[in-house]
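>>> Mind looking at a prediction? Sequence and model below.
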2 protein chains.
Amino acid sequence: MADIDLMKSLTQPGTTKAILLVLDGLGGLPREVGGPTELEAAFTPNMDKLAREGSVGLINTVDMGITPGSGPGHFGLFGYDPLKHLIGRGVLEAVGIGLTLTEQDVAARGNFCTVDENGLITDRRAGRISTQECARMVSLIDDITLPGVEVIVKPVQDYRFALILRGPRLCSALNETDPQKVGLKPLKLRPLDGSPEARNTADLANEWVARVSERIKDQRPANMVTLRGWSSEPGLSKFEDVFKMKAVALAVYPMYKGLASLVGMTKVDGLRNLDDQLEALRRNWEAYDFFFFHYKYTDSRGEDGDFDAKVKEIEKVDAIIPNFLELNPDVLVITGDHSTPAVLRSHSWHPVPLILWAPGMTRANPDVTGFGETQCLKGALGQFNASYLMKLITAHAQRQAKYGA
Amino acid sequence: MADIDLMKSLTQPGTTKAILLVLDGLGGLPREVGGPTELEAAFTPNMDKLAREGSVGLINTVDMGITPGSGPGHFGLFGYDPLKHLIGRGVLEAVGIGLTLTEQDVAARGNFCTVDENGLITDRRAGRISTQECARMVSLIDDITLPGVEVIVKPVQDYRFALILRGPRLCSALNETDPQKVGLKPLKLRPLDGSPEARNTADLANEWVARVSERIKDQRPANMVTLRGWSSEPGLSKFEDVFKMKAVALAVYPMYKGLASLVGMTKVDGLRNLDDQLEALRRNWEAYDFFFFHYKYTDSRGEDGDFDAKVKEIEKVDAIIPNFLELNPDVLVITGDHSTPAVLRSHSWHPVPLILWAPGMTRANPDVTGFGETQCLKGALGQFNASYLMKLITAHAQRQAKYGA
């Protein structure tokens, strides 16, 4: 039985409440052999206490030895096996800028590029134009219409934009049009399966590209587009149906709200910082059972390669832990969607430290005195894959029936 | 390759002997933060010595974060993945009262219920009638015959009974007849697949229900029945074929003998207590290779919520460990089918402590001084799923060939 179906069959409604606090890119590495990681270097008295009182371990949000992107990392935490449910780049770009997709949509990621007088690509990214320039280019093409479908075009970042076709008889089985090197023409769109829907979508998209080209052919530096990452709303079982917990996402960045919305969590808009997020947590405490609380800047400072700044971001989150505890959650999980060691300046495959705090329900890990990668090695939870996290959360929240009699 | 087929291909006959001692519901939780679990509180000098001499670890008998029922928990220990082999409720009730099923049987669990003059259910459990009352009700209906099949009806407990239809052309793909709320009529049986066997079984079962209704319609408080959990003998590969060990079940309770018999172990009947079980162990030592020795009361006291009484039950079992050692087993495993923490008064998802003792064959776990959940965290076996247990047992019993050359 698939994990999701197993959970659907075992979970049951209840009155308990769980918080999943995600410090994006939490896991790290030491700067020098024998030194502390970012989390180990941080002064985190609140998380240390929770680590002693609860159970700790190390989580692989996709799988051991795999470096998670933000989408798969969060899908793993939400209980949806990211190796089975890969979200297309087009959908990710769309939800990343706060668009809500419908079942009728197909989404693509677009790149502005530059072509010469013969239509051959001279720069696949149009000199990496700025986001502002991208917005101006989009404003030149966002009123192009197509027969029978709605067309949505939005700037994303730098030379990238999102394209959504909304309507009946669409299918995302299309090729990408970037030939991957300069000196070639952008490819025509063609259906990748034999369905009339894919044929129809390819025809519509080719028409759209032709009209875009007509509109911007005399612009500089971008005068053409390529399209890739064709994908549809993944149609995942809703979090509430699977886990019987009404869930709300408290995040500042659109990407994380978007990922949560793909599994059916409610989004709260307009949150600008931790204070806003905490206020929204309190305001929604009665109405929801599961609270996804996302903090971005641990990852950002890791990507910057700034070890000390990442330490400070971890300390900022530690300082607000008492605000969570005041609400008396039944389960509080603190972890990340992946590791982002400052020394690597990027996401990494290292398993992420995790605290599972659930009073009266967790096994002791007596050799653990605080929260950190090395201490988590000695934790009661061991090292495990993310598919177990929602099992553990629903179990500790007393919302799971036994399997078989 | 499926686990079972892998084992079949690797195991080989031998002269070694293994004992699997199952303390039902062994795993526990502390009563207060930092306190001992039931096993840690118990005085267990014999098991502590085995923990030091052998290897220890923590076992998930179904999977991490899943709370095992008794059936799945034991199937896991016996080497049959309980997520692939779920036993239906009807079969479980039947084997639970000591019935032996054949391949021709379909089994259902029945409930006595109460209906009004219009046939609408007024009490789905007939006031939870006593087992004695249930036996009397069964005696009113157990001679009803059906064309072409044998009908077996036996009381189970309270308002529950077991129904078995035995004969050709039967299939368990039937709905349950309990409408799940009062004020509605019991549902008619209907085939859940298109097979003529399911159609035939539905017709027979509907006829049986009609005749039962006719017989008991003027009885009080129960005057009707509902049926659920339709299932067939699961047809599992026999333990001896898979692991090349002739196995015998030494259990007091019918349920555990029944579960063992579903994988083809020999049942010994008439055992009333540990002394009987030990005597049967000695008597059968030469004739068998694998001894499943089951102790129920650790689970019972956990379900009662009686921490101290569960501690005493664990100590009772510790006291008989020398009786096992006198027989010079090659492998002795001590574990549980699931955890039953007294503080939760129910089965739980927590992994179960386990000793694997096999002189000369196990790796040391030098930080381990005794047997307990926390010490098992430091064990040589780590935390693992039950599918590995029979691999470890056959390996340590020197009955497993290497995989590939």
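That came in fine, so what should we check first?
>>> Walk me through the domains of chain A.
Following automatic domain parsing, chain A resolves into domains at A:3-85+A:235-396, A:91-232.
>>> Report the mean confidence score over the last one.
Read that as domain A:91-232. Average pLDDT, domain A:91-232: 95.
>>> any idea how far it is from the chain center?
22 Å (C-alpha atoms, centre = their mean, to the nearest Å).
>>> Roughly how far does A:Lys246 sit from A:Thr335?
21 Å (C-beta to C-beta, to the nearest Å). The way it works is simple: take the backbone N, C-alpha and C, and place the C-beta from them, glycine included.
>>> Mind checking which of these two has more residues around it?
A:Thr335 (26 against 17; other C-beta atoms under 10 Å in any protein chain shown).
>>> Do you know the pLDDT at that one?
98.
>>> Next up, phi/psi of it, please.
phi -160, psi -170 (degrees, to the nearest 10).
>>> Name the nearest residue to it, sequence neighbours excluded.
A:Leu354 (3.9 Å; C-beta to C-beta, 6 or more residues apart in numbering or on different chains).
>>> Report the beta-bridge partners for the one you found.
For A:Leu354, the beta-bridge partners are A:Gly57 (DSSP bridges).
>>> from what I can see it touches A:Gly57, true?
Yes - contact criterion C-beta atoms under 8 Å: A:Leu354 and A:Gly57 qualify, at 5.4 Å.
>>> Which helix or strand contains the residue in the stretch 251-400 of chain A positioned nearest to chain B?
For the stretch 251-400 of chain A and chain B, the shortest gap (C-beta to the nearest C-beta) falls at A:Lys391, measuring 2.9 Å. Using DSSP states H and E, A:Lys391 sits within helix A:389-396.
>>> Kindly report the same for A:Glu133.
helix A:131-141.
>>> what residues does that helix touch?
Helix A:131-141 is contacted from outside by A:112, A:129, A:153-161, A:211-212, A:215-216, A:219, A:222, using C-beta atoms under 8 Å, 6 or more residues apart in numbering or on different chains.
>>> same question, stretch A:42-56
A:311-312, A:314-315, A:318-319, A:321-322, A:332, A:334, A:353-359, A:362-365, A:368-371, A:375-376, A:379-381, B:33.
>>> Rounded mean pLDDT for stretch A:338-350, please.
Here the average pLDDT along stretch A:338-350 is 97.
>>> residues of it that come out buried?
Buried residues in stretch A:338-350, counting neighbours by 16 or more other C-beta atoms under 10 Å in any protein chain shown, are found at A:338-344, A:346-350.
>>> near chain B too, which of these?
The subset of the buried residues of stretch A:338-350 within reach of chain B, by C-beta under 8 Å from any C-beta of the partner chain, is empty.
>>> hang on, the earlier thing: which one of A:Leu354 and A:Gly57 is surrounded by more residues?
A:Leu354 (29 against 25).
>>> could you give the angle of the helix or strand hosting A:Asp203 to helix A:131-141?
In this structure, A:Asp203 sits in helix A:196-216 according to DSSP H and E. Put simply, helix A:196-216 runs at 110 degrees to helix A:131-141, going by axes from the mean of the first three to the mean of the last three C-alpha atoms, to 10 degrees.
>>> Tell me the strands beside the helix or strand following helix A:196-216, with direction?
Sequence order places strand A:224-232 as the next helix or strand after helix A:196-216, per DSSP H and E. Strand pairing for strand A:224-232, using DSSP bridges, gives strand A:105-115 (antiparallel).
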